[in-house]
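In: Predicted model and sequence below, questions to follow.
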Amino acid sequence: MANKRLLGAYAHPDDEQGVSGLMHKYASEGVDVTLVCATRGEAGEIAPGVDATPENLGQVREAELRCAAEKIGVNNVYLFDYRDSGMLGTPENNDPRAFWQANLFEVTEKLVRLIRRHKPHVITTFDANGGYGHPDHIQIHRAALMAYFVAGDPRAYPDQITREDLQPWTVSKLYWGAFPRSRFERYAELARRAGIDLGVPMQEFLKRAMPDEIITTKIDVAQYVELKLNALFCHASQMNPNSIFNRIPPEIRREGMQVETLVRAESRVVVPPELETDLFAGINDHAEI
Ligand SMILES: [Zn+2]
């Protein structure tokens, strides 16, 4: 088993893009990287010109996810088979198969199983607001938080221990992805100077972005920007040319992709007070606990 192990818990194919650079960086360094995706993103919009229908979008997006995961170098990919709940307030929220309707204990059980199997030292997921309020992002946040606290406790899901030959595993650190407000302000400013009106979506992003002061961790992925773009382009069904991301001039976009920023939400290891540049800081290289 690799000495360092990382697990990303996300909701839709393409959610992994927020951490694609760091996942690639760590995978290249020999870290075992596991990616969990709770749904197949069936409720996503289909970009114009893409050969997909609402009926087969889940299949198409699973293939896109596997394409991206392969480029990134993810070692293990898991899908949980829930249905994409769509944006908050849409009828899809109420579908009994929707991830938003899932029993949180059941989701946590699935996540705990994978934690006990792959023994990650670090988990990354969404913040409590799901980045921008998507119900599926909020749901995976809740399950990841619960799993962080209970995976090491033999009283949680004891059948996994007695019947599946798994052992409790205590995760060392838990992170949320975080878009710093300064990055969006810079996007907005550069776009304004270039005469591009990013309009209401940018105002929404600005409202929801995190204050820079709460960011604990910045991972330098400047050398992986091309790789990140290649992995992103796997998600062709989601590449709407009118999306805010695609309306930001490429050189500005690239600049924003050089650093991945996170908030260290929980840690069981002693961490330095200064800004962290490594998710595994404080974790003993040879820890096999
Ligand atoms: Zn998503």
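Out: On my side now, so go ahead.

In: show me what contacts whatever residue of the stretch 1-150 of the chain ends up closest to the ion?
Out: Using CB to the ion, the closest approach of the stretch 1-150 of the chain to the ion is made by residue 12 at 3.5 Å. Quick note: C-beta positions are derived from backbone N, CA and C, even for glycine. Going by CB atoms under 8 Å, 6 or more residues apart in numbering, residue 12 touches 37, 38, 39, 40, 41, 44, 61, 84, 136.

In: For the fourth one, which non-adjacent residue is closest in space?
Out: Same thing as residue 40. Leaving aside its sequence neighbours, residue 40 sits nearest to residue 58 (CB to CB, 6 or more residues apart in numbering; 3.5 Å).

In: now the last one
Out: Of all residues beyond its chain neighbours, the one nearest residue 136 is residue 11 (3.7 Å), with distances taken as CB to CB, 6+ apart.

In: tell me the helices in the stretch 151-289 of the chain, going along the chain?
Out: Ranges of helices in the stretch 151-289 of the chain, per DSSP state H, counting those that start in this stretch, are 158-162, 181-193, 199-208, 225-233, 244-247, 250-256.

In: can you redo the ones you listed as TSV with mean neighbour count, mean pLDDT and distance to residue 121?
Out: Below are these laid out as TSV (neighbours: other CB atoms under 10 Å; pLDDT from 0 to 100; distance: least, CB to CB, whole Å):
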stretch	mean neighbour count	mean pLDDT	distance to residue 121
helix 158-162	13	98	20
helix 181-193	16	82	27
helix 199-208	14	72	29
helix 225-233	18	96	23
helix 244-247	15	74	31
helix 250-256	14	83	28
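
In: can you put these in JSON lines and add distance to residue 98?
Out: Converted to JSON lines, the helices of the stretch 151-289 of the chain look like this (distance: least, CB to CB, whole Å):
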{"stretch": "helix 158-162", "distance to residue 98": "25"}
{"stretch": "helix 181-193", "distance to residue 98": "29"}
{"stretch": "helix 199-208", "distance to residue 98": "22"}
{"stretch": "helix 225-233", "distance to residue 98": "26"}
{"stretch": "helix 244-247", "distance to residue 98": "25"}
{"stretch": "helix 250-256", "distance to residue 98": "32"}
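
In: Phi and psi next, for the residue nearest to residue 136.
Out: phi -110, psi -30 (degrees, to the nearest 10).

In: Count the neighbours of it for me.
Out: Applying the criterion other CB atoms under 10 Å, we find 30 residues in the vicinity of residue 11.

In: from here on, count from 34
Out: Understood, numbering begins at 34; the last thing we discussed is residue 44.

In: Verify the stated contact: it with residue 176.
Out: No. Contact criterion CB atoms under 8 Å: residue 44 and residue 176 do not qualify, at 9.8 Å.

In: what touches both of the two?
Out: residue 71.

In: where does the stretch 134-283 of the chain have low pLDDT?
Out: Confidence mapping of the stretch 134-283 of the chain against pLDDT under 70 gives the ranges 233-234.

In: give me that answer again for 80
Out: Within the stretch 134-283 of the chain, the ranges that satisfy pLDDT under 80 run 220-221, 223-224, 227, 229-241, 275-282.

In: Contacts for the strand or helix carrying residue 139, please.
Out: Using DSSP states H and E, residue 139 maps to helix 137-151. Residues outside helix 137-151 that contact it (CB under 8 Å, 6+ apart): 38, 40, 42, 65, 67, 69, 71, 109, 111, 113, 115, 132, 156, 172-173, 175-177, 179-180, 183-184, 189-190, 193, 197, 199-202, 204.

In: Name the residues of that helix that are buried.
Out: 140, 141, 142, 143, 144, 145, 146, 147, 148, 149, 150, 151 (16 or more other CB atoms under 10 Å).

In: swap in stretch 174-193?
Out: For stretch 174-193, a neighbour-count test (16+ other CB under 10 Å) marks 174-181, 183-185, 189-190, 193 as buried.

In: possible to save the helices of the stretch 184-322 of the chain as JSON lines with distance to the ion?
Out: As requested, those are exported to JSON lines (distance: least, CB to the ion, whole Å):
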{"stretch": "helix 191-195", "distance to the ion": "28"}
{"stretch": "helix 214-226", "distance to the ion": "18"}
{"stretch": "helix 232-241", "distance to the ion": "14"}
{"stretch": "helix 258-266", "distance to the ion": "14"}
{"stretch": "helix 277-280", "distance to the ion": "13"}
{"stretch": "helix 283-289", "distance to the ion": "18"}
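
In: That concludes my questions; thank you for your assistance.
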